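Asks: I would like to see how this sequence folds:
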Amino acid sequence: MQNKGLITVFAILFGLVSIYQLSFTFVANKVEDSAKEFANSKFTEDQPHERDNAEARYLDSVATNPIFLGIDYKTAKEKELNKGLDLKGGINVILEVSVKDILKGLANNTKDPAFNQALDKATELQKDSQDTYLESFFKAFEALPGENNLASPDIFFNKNLEDVINVGMTNAQVKPVIEKKIDESITSAFEVLRKRIDKFGVTQPNIQRLGKSARILVELPGAKDVDRVRKLLQSTAQLEFWDVYKFDEMAGFLQAADTKAGEIAMAKASTETVKAVDTSKAVADSTKTEEDDVSKLLGGKDVKDSLAEDNKANPILSKMVSLGSQGSPVIATFRLKDTAAIDGYLRNPQIKSLLPNEMRYAKFVWGLQEANVQLKGEETTALYALKGNRDNVPPLGGSVVVDARQEYDNLSRVVVSMQMNGQGAKVWEQMTGNAYQNQSQIAIVLDNIVYSAPGVTSGPIAGGRSQISGNFTVPQGQDLANVLRAGKLPASAEIIQGEVVGPTLGHEAINSGVMSFVLALIIVLLWMIGYYGKAGAFADIALMVNILFIFGILAGLGAVLTLPGIAGIVLTVGMSVDANVLIFERIKEELAKGKAQKDAIKDGFNNALSSILDANITTALTGLILLVFGTGPIQGFATTLLIGIATSLFTAIFITRLFIDSYSKNGKPLPCSTSVTKNLFKNVNIQFLRKRKIAYVISGILLLVSITSLFTNGLNQGVDFVGGRTYTVRFAKDVNSQEIQNDLIKTFGSAEAKTYGGDNQLKITTKYKVEETGTDVDEEIEHMLFETVKKDMPADMTYDKFVGDQTGKTIGRMEYYKVSPTIADDIKKDSFWAVFGSLVVVFLYILLRFRRWQFSLGAVLAVFHDVLIVLGVFSLTYKFMPFSMEIDQAFIAAILTVIGYSLNDTVIVFDRIREYFGEHPGWKMSRIIDVALNSTLGRTLNTSFTTLIVLLCMFFLGAESIRGLLFAIIVGIVVGTYSSLFIATPIMYDTVKHKKVDDLIDKKVEEGTPALEA
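Replies: This is a model prediction of the structure:
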């Protein structure tokens, strides 16, 4: 081997750089372990929040102290090996910015019937379409009867767009302008979210826009406060300043409203109670406004629950906790649970008509909720009446805020101070002047909730400074200042896919992943020494170097290590072994021919190179497709697989060669075998082609059973493909999954509960309200889930404990995953193209390398055969297997891995056949194929065995979440090994033998390579 010195220096430098990159992870873990010990020594297990705070304070205090080789914790944390949510816990969501809201804003909230009809139709089209919302809107608008122009003064030719749109433009000319504006708005939303997340305090956050779509991926590893994250991401930060009515001005209306509500209730008293409840709810729904969404305020509380308890004579006053006082902006205080019912009454047209004409635009909103001491801590909230107007536009909006920060007032209470720009300062001075003169108040309203309504006691306030108070905690104050400073979202953003992984599951996944990986590695290392002797020991050293390189590269690139990523590394171990097996088997063949050891080693490496490259390139091609079409953890799997392929090639071809050459240069014998394995597979002479018809029958039966099962049993499609919500719930004791499933069906109408890991843990899936993606719906379903399983939980289990994600949690909701039907359709489409694309790419590559379509056909049909059988096994067994066998993104990753592995085997056989064409021109083609299959049999079985050992260790000892993925790969390897021997090559033979020899000759053959003879 040439350039040994250069390769040695490069390998040593690469190894040192990898160790240096991993040293940051070592330092970060060491400091965090110390922080945990400190927090645990200060607080007990039943004080999780105090422990978390103490841990955070400790880390802050030592952040800049040098720990190791001058590296401090802050630097180490920034450069450590990133761990994904499934290893660290945290939150992963995909937000979809509402293009519908952006279009409304661009059209200045027009009332134009054609525009609004097109919006409604576009919303309908989106349920069954893969088009973007904007494309659906354009189609719906064009389909409307009559001549409708997007450049109409009632639509897009307005003061917002008059610089880029004029009244004479056609629809085709307007569309690119609107597309650009939509893209700018989504980019603006992305920047707003990025600014908020940067200030959230989570290390290694990831936020990226998914292509040119309206979707934004947000990953926050280590985040524990789910509610806080949801509010941070979905809050539009719609800050408004309104003048308010005082209690004295609204007292008369409140009394009249109570009387009218009583009359309405009494008139309906004769009807059935259920009917009355439904009617009341319908009234509330029919008068619901977008600006005052009760479900957002209440988190899914149902109006009918409160209405059922109404005092029919005084349905409003009877619910009051207290009245407002003279001069106060608070009209009355109500229990939180009653606010939905009060909203229903206040929005009733008959009651709204009681307002005096000058107050007809009054807008009723609620204040911050508070725990009422007199009601034993029950939550209450105050009712305010804002001085609205015809256009419902506040005198001053949040866009004038240029800075905001969390501070403390003179009573040491947390407040948020704001600074306005010049235009805002001028309006603010005018508003405060009017409030001072009228002795009234100004309500500071954020996302339709009154945070405070201060009076003005010192005259007009100049300079544009103001302050928001509201019994904030420090994190709440920081978050509010953060969203105000970052700015408001240009439109609402819904979570269409979300995953929450508790830190306990992440910790368990790391422990099980490391244990299974180490055990698998030990078995492989011992096997290589036991099978190949000293050569196996050299391969083991190269394998350890390979693993060091993989982790070093992952750390250096800032890539994320996920649980499927660990599976990818484990699979890489098998592939690295495969390269060495190929080399050693070729060296043994050369030695058997009587060559000198030095020549045998040289020729062995050279002859194996083609097979190694072809096998790894085909696997890399499927990995690239997986990287392009996959998301989240699946991309982590693809990343580690691709890095592993590159490092495996380097270590097998160069590192192993360095050790072998160094050892054998003085003539030391290196037989690449032991006394036990020396003659294994040496005189094997299986007539594979004679047995191909039997194999065709066996495969035909397997395919028939698989296809029949797919059509009858179908597949257990996960929420990735159909949408829905999945919860991993752990109990204190073993539970009966069927009994809990029956209870859940009563609650949700449709639900599934399966044992997941131990008998005390269930994976619960429901499609209840699958079309609704709001946070309030998520909370409603989690409340319903908790109430259903509460009887099987410890007596002291509360809802907050059940959904909390504190460190050390062992009971409750451990993991949560949500996918909306819209994104589920996209995942299904991407998965199809990923599998189809990989087959096409592989067909073309093999055609390019082997120059005959028969090789490509044999390889692709064998792969298709393998995929169908894996699908059939899943279809036949998913109902009784003791682990999850859902068809999800991880399963698609497994299928692509099976494709790559099956091709790996097949290509190596094809390479040997191609080699024998040149070496044995006088042989018949059937003999060439049989000899080629027999000569590669040792490598085929050896590689399959070592890879299976590695995967089985992960399967039995690894995390539950990737067991389905591993099972698919295990089945695929078994079937793939069979198909490479009995399907791919025989099909190639059968398609070639009926052709004329001249049809199979390419230029290389004409120049001297012998033609094929059947």
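Asks: which residue packs closest to residue 794, ignoring adjacent ones?
Replies: residue 732 (5.3 Å; C-beta to C-beta, 6 or more residues apart in numbering). Every residue, glycine included, has its C-beta placed from N, CA and C.
Asks: does the one you found belong to a helix, a strand or coil?
Replies: What DSSP: H, G, I helix; E, B strand; the rest coil gives for residue 732 is coil.
Asks: wait, what's in contact with it?
Replies: Shown in contact with residue 732 (C-beta atoms under 8 Å, 6 or more residues apart in numbering): 760, 793, 794, 811.
Asks: could you pick out the buried ones from the residues you listed?
Replies: 760, 793, 811 (16 or more other C-beta atoms under 10 Å).
Asks: tell me which entries of these lie within strands.
Replies: Among the buried ones among the contacts of residue 732, the members found in strands (DSSP state E) are residue 760.
Asks: closest to residue 934 among the buried ones among the contacts of residue 732?
Replies: Checking those against residue 934 by C-beta to C-beta gives residue 760 as the nearest, at 51.5 Å.
Asks: what about residue 664, how many neighbours?
Replies: 17 (other C-beta atoms under 10 Å).
Asks: what does the pLDDT read for it?
Replies: Residue 664 is assigned a predicted lDDT (pLDDT) of 87.
Asks: dump the contacts of residue 732 into JSON lines; add pLDDT and distance to residue 401 as well.
Replies: JSON lines is the format used below for the contacts of residue 732 (pLDDT from 0 to 100; distance: C-beta to C-beta, whole Å):
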{"residue": "760", "pLDDT": "86", "distance to residue 401": "50"}
{"residue": "793", "pLDDT": "90", "distance to residue 401": "45"}
{"residue": "794", "pLDDT": "88", "distance to residue 401": "47"}
{"residue": "811", "pLDDT": "88", "distance to residue 401": "44"}
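Asks: which members of those are the farthest-apart pair?
Replies: Maximum pairwise distance in the contacts of residue 732, criterion C-beta to C-beta, is 12.1 Å, between 760 and 794.
Asks: how deep is the residue nearest to residue 735 when sequence neighbours are not counted tucked in, by neighbour count?
Replies: Among residues not flanking residue 735 along the chain, residue 792 sits closest, at 5.4 Å (C-beta to C-beta, 6+ apart). Close neighbours of residue 792, defined as other C-beta under 10 Å, add up to 19.
Asks: tell me the spacing between residue 792 and residue 811.
Replies: From residue 792 over to residue 811 the distance is 10 Å, taken as C-beta to C-beta, to the nearest Å.
Asks: any common contacting residues for these two?
Replies: Joint contacts of residue 792 and residue 811 (C-beta under 8 Å, 6+ apart) are residue 731.
Asks: averaged pLDDT, the helix or strand residue 898 falls within. What do you get?
Replies: Applying DSSP states H and E as the criterion places residue 898 in helix 889-919. Mean per-residue pLDDT for helix 889-919: 81.
Asks: show me what the following helix or strand past that helix is packed up against.
Replies: Later in the chain than helix 889-919, the nearest helix or strand by DSSP H and E is helix 925-935. Packing partners of helix 925-935 (3 or more C-beta pairs under 8 Å, 6 or more residues apart in numbering; DSSP states H and E): helix 889-919, helix 985-992.
Asks: got a list of contacts for helix 925-935?
Replies: By C-beta under 8 Å, 6+ apart, the residues outside helix 925-935 that reach it are 589, 681, 684-689, 909, 912-913, 915-917, 920, 923, 981, 985, 989, 992-993, 1012-1014.
Asks: ok now it, how far from the chain's centre?
Replies: Computed by C-alpha atoms, centre = their mean, to the nearest Å, the chain-centroid distance of helix 925-935 equals 47 Å.
Asks: quick one: it to helix 985-992, angle?
Replies: 160 degrees (axes from the mean of the first three to the mean of the last three C-alpha atoms, to 10 degrees).
Asks: what residues of helix 925-935 count as buried?
Replies: The neighbour-count check on helix 925-935 (16+ other C-beta under 10 Å) flags 925, 926, 928, 929, 930, 931, 932, 933, 934, 935 as buried.
Asks: and it, average pLDDT?
Replies: Helix 925-935 carries an average pLDDT of 87.
Asks: got the angle between that helix and helix 889-919?
Replies: Using the same axes, to 10 degrees: helix 925-935 against helix 889-919 is 120 degrees.
Asks: now for the following helix or strand past helix 925-935, which elements pack on it?
Replies: Moving toward the C-terminus from helix 925-935, the next helix or strand (DSSP H and E) is helix 937-957. On a contact count with 3+ C-beta pairs under 8 Å, 6+ apart, helix 937-957 meets helix 503-532, helix 563-592, helix 889-919, helix 963-979.
Asks: name the helices or strands packed onto the first one?
Replies: In terms of contacts (3+ C-beta pairs under 8 Å, 6+ apart), helix 503-532 is packed against helix 85-88, helix 534-557, helix 563-592, strand 812-819, helix 937-957.
Asks: how far away from the center of its chain is the second one?
Replies: Here the centre of mass of C-alpha atoms in helix 534-557, compared against the chain's by C-alpha atoms, centre = their mean, lies 30 Å away.
Asks: send me it as CSV with only the CA atoms.
Replies: Extracted as CSV, the C-alpha positions of helix 534-557 are listed here (Å, rounded to 0.1, in the frame of the first residue of the first chain):
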residue,chain,number,x,y,z
LYS,A,534,-5.1,-12.3,14.5
ALA,A,535,-6.6,-10.7,11.4
GLY,A,536,-9.9,-10.5,13.3
ALA,A,537,-8.1,-8.6,16.1
PHE,A,538,-6.8,-6.1,13.6
ALA,A,539,-10.3,-5.7,12.3
ASP,A,540,-11.5,-5.1,15.9
ILE,A,541,-9.0,-2.3,16.3
ALA,A,542,-10.2,-0.8,13.0
LEU,A,543,-13.8,-1.2,14.2
MET,A,544,-13.1,0.7,17.5
VAL,A,545,-11.4,3.5,15.5
ASN,A,546,-14.4,3.6,13.3
ILE,A,547,-16.8,4.1,16.2
LEU,A,548,-14.5,6.9,17.6
PHE,A,549,-14.6,8.6,14.2
ILE,A,550,-18.4,8.3,14.0
PHE,A,551,-19.0,9.9,17.4
GLY,A,552,-16.2,12.5,16.7
ILE,A,553,-17.8,13.5,13.4
LEU,A,554,-21.3,13.7,14.9
ALA,A,555,-20.0,16.0,17.7
GLY,A,556,-17.9,18.1,15.3
LEU,A,557,-20.8,18.6,12.8
